[in-house]
Structures are given as structure tokens and as C-alpha cells.
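Trainee: Would you be able to build a 3D model of this:
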Amino acid sequence: MSAPSTFEMTNTSGVRISYDLWDGAGRAILLVHGLASNKSLYRPMARALNELGYRVVAYDQRGHGRSSKPDSEYGFDEVVSDLNELVDYLQFLDLGWNSPLLVGQSWGASVVEEAARRNPSKWSGLVTIDGGIIPMFEVMPVWEECEERLAPPELAGMSYSAFDSLIRRAHPDWAEESIQGTLENMELREDGTIKPWLSRTNHMKILRGLWEYDPVAALAEMPLGTLMLVADDNSDHGAQKRRYAAKISSHSSAKFIYFPDGDHDLQAQRPQELAELIDFETRNGVLR
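Mentor: Residues are numbered from 1 along each chain as shown. Modelled structure (predicted):
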């Protein structure tokens, strides 16, 4: 079982970025996590990709996990710049990081879409995991509605053991490594309680930018091969995803694959399956 090496780099904005590296000789893949998540939730999938021959990096975005937590600057300009500088740094260390494949989940899907839209020649392909599909401002036209519906729960002060039990009940089909990755969304304090690594204030700043973002427009003229992996169910939200996927398909060559009964964190629920799909599409499909 391959284990990552963990490193840090400090970019030109003074933001310290923590990243996990699974080294290898094959195509490079960069994994970008979602809002209020962290790089550890990618570990099972990253390892599976590495065992398929890829070199892989997953990193904590600013405000998250073990990376710096500035008080401001959480817009797409800043997070895309973080991503670009990390890849430039990896290229400086190893030319094998030229033109990596971008993979992003949830908010991370929008981050990688925007990075690819702004500079498509820097990347070799694009994968989104249950994100980067719905323009939130269209389904919730007033910001205050989004603010009320999607504000994070108040978890600070909950006991670690209670949070552990909560996650295990919510995801009975997840492997232990994915459970542990979710637990790493929280700082464990000396009194046995938890506190989210991402502050509530910074969470809401990111959410506001995500609410304003238009993934349909970002993908309208995307020149890169694009694979969109979607958690599917019979809910209204699932129907919204299918409706906007049809809009994207009408002016894009993106390939959609749906996962019935899939969790939002598909990379944690079905890491081997996703790794094998990405591998297949890089060899034979839309990511060649």
C-alpha cells in the first residue's frame, strides 16, 4: 500500500500550502477538495491512482486543513492563483508535472473549471466530482436564501467522539480511511472537543463566491477533455443536476457519468471505482 509524503510550500501571497505527494513516473494528477473538506479525503483514491501508475498530489486549499488560514482573499482569483503556483512549484521540482490532469470535488470542481477556463494550455484534462454543474444563483436567486440554506452547522464544541459517531452513522458504507479523512476536517482540542479548520466567516466568504459562479458559462467553450462524475438520486437536487448537465452537454463535449445512490463525496465512497474510471478515460476516452 503506497503512502504519501507530506510537504509544504509558501506562495507569493505568503500562503503556506500543505500537500500530499504520491510519486511516480506516469501522468500527473492534481486533486482539489471541496468546501470545508481537506486533502486527506482523497487518500484512498489517490493511492489507487498511484498504483495505476500516476503521480498524484492532493493539497489543502487556503483556510483548510494544514494550510494557512488568512482572514481574507477567498475568491476565485486567489484560490486559482494558489493552484497555479503549486503546480509551477511542482514543475520546478519535477518536469513530469507539466500539464497535469485537474480533478476537483464540489467547490473544488468549480475551482478547477475556472483554472482550466483561464489557462487551458496549462492542463491536460478536467475531471469534476459532484460539483461544477449548477449555477447556484439561478436556483436560489437571492443570496440571503443561499446564506440561510447552506450555512455550515455549528460544530465547534461538539465532542470528538460524538462527531466520530455522527460521521459513521451517515456513511456506513465508507472504508475506515475515508472516515478518518472526514474527521480531519476538524481540529481536535485539548478538552476533547472539535473545531472546524475552516472558520465560519471564511466558509461564508467562499460560499458567496460559489453562489455567484456560473459553471455552465465556464464550460461553454472548454477546449479540454472533460469528465463529470455525478452523484445521482431521485431528489429535486438530483433533477437539477441532470437539467443543468443537459445545458452543459448542449454546448460542450463533456462526458457525464452518474452514480445511483452516490454520496456527494464520491471520492471517499467509491475511490477505487473513480480511479479506474479516470484511468480508463485517460487511456481510451475523453481525457486522452
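Trainee: Please name the residues that touch Thr182.
Mentor: Residues counted as contacts of Thr182 (C-beta atoms under 8 Å, 6 or more residues apart in numbering) are Leu41, Ile167, His171, Asp265, Ala268. For glycine as for every other residue, the C-beta is placed from the backbone atoms N, C-alpha and C.
Trainee: And it, what's its pLDDT?
Mentor: At Thr182 the predicted local distance difference test score is 98.
Trainee: what do you get for Asp233?
Mentor: On pLDDT, Asp233 comes in at 87.
Trainee: That one reaches Tyr258, doesn't it?
Mentor: No: here Asp233 lies out of contact with Tyr258, judged by C-beta atoms under 8 Å, at a distance of 9.8 Å.
Trainee: ok, the residue lying closest to Asn185 once chain neighbours are set aside - contacts?
Mentor: If the residues on either side of it in the chain are set aside, Asn185 comes closest to Asn38, at 5.6 Å by C-beta to C-beta, 6 or more residues apart in numbering. Shown here is Asn38, whose contacts under the criterion C-beta under 8 Å, 6+ apart are Asp60, His64, Gly65, Arg66, Gly181, Glu184, Asn185, Trp197.
Trainee: Let's see which of those end up in helices.
Mentor: Gly181 (DSSP state H).
Trainee: okay, the contacts of Asn38 in CSV with neighbour count next?
Mentor: Converted to CSV, these look like this (neighbours: other C-beta atoms under 10 Å):
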residue, neighbour count
Asp60, 25
His64, 25
Gly65, 24
Arg66, 19
Gly181, 24
Glu184, 19
Asn185, 21
Trp197, 20
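Trainee: what about the helices in the stretch 101-250 of the chain?
Mentor: Assigned by DSSP state H, counting those that start in this stretch, the helices in the stretch 101-250 of the chain fall at 107-118, 136-139, 143-150, 160-170, 176-183, 200-212, 215-218, 236-250.
Trainee: which outside residues touch the second one?
Mentor: If I follow you right, that is helix 136-139. Trp143, Cys146, Leu210, Trp211, Glu212, Tyr213, Asp214, Gln240.
Trainee: how far does that helix sit from the chain's center?
Mentor: Between the centre of helix 136-139 and the centre of its chain there are 20 Å (C-alpha atoms, centre = their mean, to the nearest Å).
Trainee: mind saving the C-alpha coords of it as PDB?
Mentor: Below are the C-alpha coordinates for helix 136-139, written out as PDB (Å, rounded to 0.1, in the frame of the first residue of the first chain):
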ATOM      1  CA  MET A 136     -26.500  28.400  -7.500                       C
ATOM      2  CA  PHE A 137     -27.600  31.900  -8.200                       C
ATOM      3  CA  GLU A 138     -30.300  30.500 -10.600                       C
ATOM      4  CA  VAL A 139     -31.800  28.100  -8.200                       C
END
